[in-house]
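# let's see this in three dimensions:
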Amino acid sequence: MNPTPSKYIRPGSQRGILHAIALALPVAILAALTAFAAGDTTIYSDTLLGSGSALHGTTVDSSATHAGGTAGATWTAAGSYNETATGTIGTSTTTQGAYLPFTPQAGHVYTLTATLEYLGAVPSNWAALGFQTQADVAHGAFHDASGAAYAWTLLRKSGGGQPQFFGGPDTASGGNFATASQSGLQTVTITLDATGASWTSHATINGLDSATVTYGTNPTDIAYVGFGGVGTTSNTTHFSLSATGGSTPTYAGWATTNGVSNNPNEDTNHDGVQNGIAYFMNATGLATNPGITGNTVTWPNGGNISATEYGTQFVVETSPDLVNWTPVAIGDLTTNTSGPGGALTYTLPPGAGGGKLFARLVVTPH
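Sure, this is the predicted structure:
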């Protein structure tokens, strides 16, 4: 079904050429309504053991495109990290980090586990584990990286002070464990609970619990999970991230809950927005299609479909004539973040052939 254009705009002169860009109404296409619920699933698992080769660019031992993970993910790591027979050893004299892509999704409880040991000579330095908004491998301190750190913990050398846990961002919302310094190779577990309206996190070191942090603003901008170290050497082994409890939203479940048709291409409440688009935006009442602001169109991602499903469950398409449609490559999107509170943004390029270009969102929900 080809939509009719909802708006034409003349954004002004670009290099002396006046042109018009049109936005086509979003359209949802009919798909098989295959519902599935996720149980306890390992997203990433890696022993981090090897024969001395660099960690950077290696494929994680086990991975899944589930609950924010990426199948076939590779490590983005500082060049100082090498996989050895006893673990991944970082030998930087300053700081170092290693990360895998990850975006948390509402409705899941995440468990991040690894064994850590700080091997350096300065007791006040540490090894760290947690979540980050950027893969800044040059700053293993986590809190002084270019992104923001969330739900992360650190271990120091014996005599260097108590282990600490911070809910974030960075060193906000946290502090010392109620225990003496833990030295040697320690098992660290961090839990990020995204099932409630306000997410929570806490950490455990060999059965000793930190305080639980409740977020005023949920850290939906987390984009990576990993580990790091500050000063000389650190050792990390048996890294894993799993999603426990929770379920993956499905269109069929959402439609039943909200009393709309099982056909995502219909518009049950006659608000001008097809059911599939409303599902993507998680608009449970009257919804509106987005307009253009400065040649840019933004669809809110309400959290039912992860940003990692671009090209599978949803895609932006463009057309010069409303007949021939071309998918927009993920790298050409302006923004693609998971919800709740996420956004899918595309900036229409100037100087389109024929003076106009149409864009639409196609949703094929599970």
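# quick one, domains of this protein?
Listed domain ranges for the chain are 5-35+249-363, 41-244 (source: automatic domain parsing).
# can you list the ones you listed in CSV and add mean pLDDT and mean neighbour count?
Backbone N, C-alpha and C define where each C-beta goes, glycine included. Shown next, in CSV, are the domains of the chain (pLDDT from 0 to 100; neighbours: other C-beta atoms under 10 Å):
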stretch, mean pLDDT, mean neighbour count
domain 5-35+249-363, 76, 17
domain 41-244, 86, 20
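# what distance do you get for the spatially closest residue to residue 212 that is not a sequence neighbour to residue 242?
In this structure, residue 212 finds its nearest non-sequential neighbour in residue 202, 4.3 Å apart by C-beta to C-beta, 6 or more residues apart in numbering. To residue 242, residue 202 is 16 Å away according to C-beta to C-beta, to the nearest Å.
# tell me how far the closest residue to residue 301 other than its chain neighbours lies from residue 68.
Among residues not flanking residue 301 along the chain, residue 342 sits closest, at 3.4 Å (C-beta to C-beta, 6+ apart). Distance, residue 342 to residue 68, by C-beta to C-beta: 12 Å.
# repeat for residue 230
Here the criterion is C-beta to C-beta. By it, residue 230 lies 27 Å from residue 68.
# can you check residue 54 too?
With the distance defined as C-beta to C-beta, residue 54 ends up 26 Å from residue 68.
# quick one: the helices in the stretch 201-350 of the chain?
In the stretch 201-350 of the chain, the helices defined using DSSP state H, counting those that start in this stretch lie at 251-258, 275-281.
# test my guess that residue 163 contacts residue 174.
No. The pair residue 163 / residue 174 is not scored as a contact, 10.9 Å apart, by C-beta atoms under 8 Å.
# on that earlier part again, export the helices of the stretch 201-350 of the chain to JSON lines and append columns for distance to residue 332.
Formatted as JSON lines, those follow (distance: least, C-beta to C-beta, whole Å):
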{"stretch": "helix 251-258", "distance to residue 332": "26"}
{"stretch": "helix 275-281", "distance to residue 332": "19"}
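# and residue 146, which of these is closest to it?
Minimum separation from residue 146 across those (C-beta to C-beta) falls at helix 275-281, 30.5 Å.
# which residues touch that closest one?
Here helix 275-281 makes contact (C-beta atoms under 8 Å, 6 or more residues apart in numbering) with 26-29, 251, 254-255, 260-261, 263-268, 273, 284, 287, 289, 299-302, 304-305, 314, 344, 361, 363-365.
# beta partners of residue 237?
Here residue 237 sits in beta bridges with residue 115, going by DSSP bridges.
# so how far is residue 83 from it?
Separation of residue 237 from residue 83 (C-beta to C-beta): 10 Å.
# between those two, what contacts are shared?
Shared contacts of residue 237 and residue 83 (C-beta under 8 Å, 6+ apart): 48, 49.
# for stretch 252-261, output the C-alpha coordinates as PDB.
Output of stretch 252-261 as PDB, limited to C-alpha atoms (Å, rounded to 0.1, in the frame of the first residue of the first chain):
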ATOM      1  CA  ALA A 252       0.000 -10.000  19.500                       C
ATOM      2  CA  GLY A 253       0.400  -9.400  23.200                       C
ATOM      3  CA  TRP A 254       0.400  -5.700  22.900                       C
ATOM      4  CA  ALA A 255      -2.700  -5.700  20.600                       C
ATOM      5  CA  THR A 256      -4.600  -7.900  23.000                       C
ATOM      6  CA  THR A 257      -3.700  -5.700  26.000                       C
ATOM      7  CA  ASN A 258      -4.700  -2.600  24.200                       C
ATOM      8  CA  GLY A 259      -7.800  -3.900  22.500                       C
ATOM      9  CA  VAL A 260      -6.600  -3.300  18.900                       C
ATOM     10  CA  SER A 261      -6.700  -5.500  15.800                       C
END
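# how far is that stretch from where the chain is centred?
26 Å (C-alpha atoms, centre = their mean, to the nearest Å).
# in a strand, residue 165, correct?
Yes. Under DSSP: H, G, I helix; E, B strand; the rest coil, residue 165 falls within a strand.
# okay, strands next: where are they in the stretch 1-150 of the chain?
Assigned strands in the stretch 1-150 of the chain, in chain order: 5-9, 13-14, 17-18, 21-24, 27-28, 41-46, 62-63, 76-77, 81-84, 87-90, 95-101, 109-118, 126-132, 149-156 (criterion: DSSP state E, counting those that start in this stretch).
# so how far is residue 66 from the spatially most central residue of the chain?
Centroid check for the chain by C-alpha atoms, centre = their mean gives residue 103 as the closest residue, at 1.7 Å. Plainly put, residue 103 is 12 Å away from residue 66 if you go by C-beta to C-beta.
# next: residue 60.
For residue 60, the distance to residue 66 equals 13 Å [C-beta to C-beta].
# try residue 44
10 Å.
# equivalent analysis for residue 287, please.
Counting by C-beta to C-beta, the gap from residue 287 to residue 66 is 28 Å.
# surely residue 42 meets residue 64?
Yes. Using C-beta under 8 Å, residue 42 is in contact with residue 64, at 6.7 Å.
# check contacts around residue 84.
49, 50, 51, 52.
# residue contacts, the third one?
This means residue 51. Residue 51 neighbours (C-beta under 8 Å, 6+ apart): 83, 84, 85.
# 10 Å - rerun?
Contact partners of residue 51, counting by C-beta atoms under 10 Å, 6 or more residues apart in numbering, are 82, 83, 84, 85.
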